[in-house]
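[1] how would this look folded up:
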Amino acid sequence: MREFRGIRRALFVYGLLVGVAAPALAQANRDAWQKPDEVVRALGLKPGQVVADLGAGRGYFTFRLAEAVRPGGRVIAQDIDAAALRSILQQARTLAREATDPSQAPNVDVALGLPDYTGIASDTVDVAFICNVYHHVRDRSAWVRDVYRIVKSGGRVVLIDFYKRPTPGPPLAMRIPEDQARREWEAGGFRHVETLTFLPYQYMMVFEKP
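    Take a look at the predicted model:
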């Protein structure tokens with residue numbers, strides 16, 4: 001019972017943190033600085049791959065990712081917010097009904113997780129995509145270990161988060177400096193591949209699981 005109360009308390013605190021950053025992230029011009037189409041192109045996704053959209057929210061990237069892995073690919077939209085995942089499923093059903101070709105319907109699954117547990121099966125993911133999420137994670141070392149668990153050998157992690165300087169987004173106190181984030185992922189067993197810098201407010205780091 002004590003453990004359950006602890007999980008509920010962790011979820012509550014996590015929700016408060018998300019609420020702090022949400023107004024800035026919901027601004028109407030997000031596409032201008034988030035550059036979602038450029039981000040997806042930079043991922044170099046291939047048909048048939050499995051992508052985990054970790055902390056997917058209401059699917060800002062989910063359906064773009066799903067389109068990039070057609071045909072035969074799949075996106076697992078993961079979040080700790082059940083309502084957000086229901087919204088993604090509803091969008092997926094709507095798009096499936098509207099698709100004139102069944103192969104064009106988005107292949108999207110959802111996974112409800114906990115703050116340090118993704119809820120995704122081990123060794124099933126080709127690319128773990130993490131955007132605007134890492135600074136919310138309370139126990140980052142545990143979370144990195146769980147991401148390591150779900151990514152296949154040779155698979156990649158793509159981490160996008162805010163530079164620790166004044167920009168739109170979460171408060172500076174919540175942000176994780178780029179060099180610190182890199183150290184934490186390398187400590188979790190991943191190999192740093194490259195850092196892309198085309199986003200104005202964020203770093204985009206690519207890691208590989210050996």
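[2] looking at residue 23 now. What's its pLDDT?
    Residue 23 is assigned 48 on the pLDDT scale.
[3] following the chain onward from the worst-scoring helix or strand of the chain on mean pLDDT, which element is next?
    Across the helices and strands of the chain, mean confidence by mean pLDDT, DSSP states H and E is lowest for helix 2-25: a mean of 42. Note on helix 2-25: by DSSP states H and E, the next helix or strand toward the C-terminus is helix 30-34.
[4] okay, now the unreliable bits of the protein?
    For the chain, the stretches flagged by pLDDT under 70 are 1-28.
[5] longest strand anywhere in it?
    Ranked by residue count and defined by DSSP state E, the top strand of the chain is strand 151-162.
[6] who does it pair up with?
    strand 125-131 (parallel), strand 202-208 (antiparallel) (DSSP bridges).
[7] buried residues in it?
    Burial within strand 151-162, assessed by neighbour count using 16 or more other CB atoms under 10 Å, is assigned to 151, 155-162. Bear in mind the C-beta positions are built from the backbone N, C-alpha and C, glycine included.
[8] which of those lies closest to residue 198?
    Checking these against residue 198 by CB to CB gives residue 160 as the nearest, at 11.0 Å.
[9] all helices of this structure, in order?
    Assigned by DSSP state H, the helices in the chain fall at 2-25, 30-34, 36-43, 62-68, 82-98, 140-150, 178-187.
[10] most tightly packed of the ones you listed?
    Most buried of the helices of the chain, by mean neighbour count (mean count of other CB atoms under 10 Å): helix 62-68, with a mean of 21.
[11] for that one, packing partners?
    helix 36-43, strand 50-54, strand 74-79, helix 82-98, strand 108-112 (3 or more CB pairs under 8 Å, 6 or more residues apart in numbering; DSSP states H and E).
[12] run the chain-centre distance for that helix.
    From the chain centre to the centre of helix 62-68 is a distance of 13 Å (CA atoms, centre = their mean, to the nearest Å).
[13] who's in contact with it?
    36-37, 40, 43, 45, 51, 53, 56, 73-75, 77, 88, 91-92, 95, 106-108, 129 (CB atoms under 8 Å, 6 or more residues apart in numbering).
[14] before we move on, the earlier item: so which of the strands paired with strand 151-162 is the most packed in?
    Buried most deeply of those, by mean count of other CB under 10 Å, is strand 125-131, with a mean of 24.
[15] any chance of the strands paired with strand 151-162 in CSV, with distance to residue 189 too?
    Shown next, in CSV, are the strands paired with strand 151-162 (distance: least, CB to CB, whole Å):
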stretch, distance to residue 189
strand 125-131, 13
strand 202-208, 9
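[16] out of the ones you listed, nearest to residue 145?
    Relative to residue 145, the nearest member of the strands paired with strand 151-162 by CB to CB is strand 125-131, separated by 12.6 Å.
[17] picking up where we left off before, any chance of CSV for the buried residues of strand 151-162, columns distance to residue 60?
    Compiled in CSV, the buried residues of strand 151-162 are given as follows (distance: CB to CB, whole Å):
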residue, distance to residue 60
151, 22
155, 22
156, 20
157, 19
158, 15
159, 16
160, 12
161, 15
162, 15
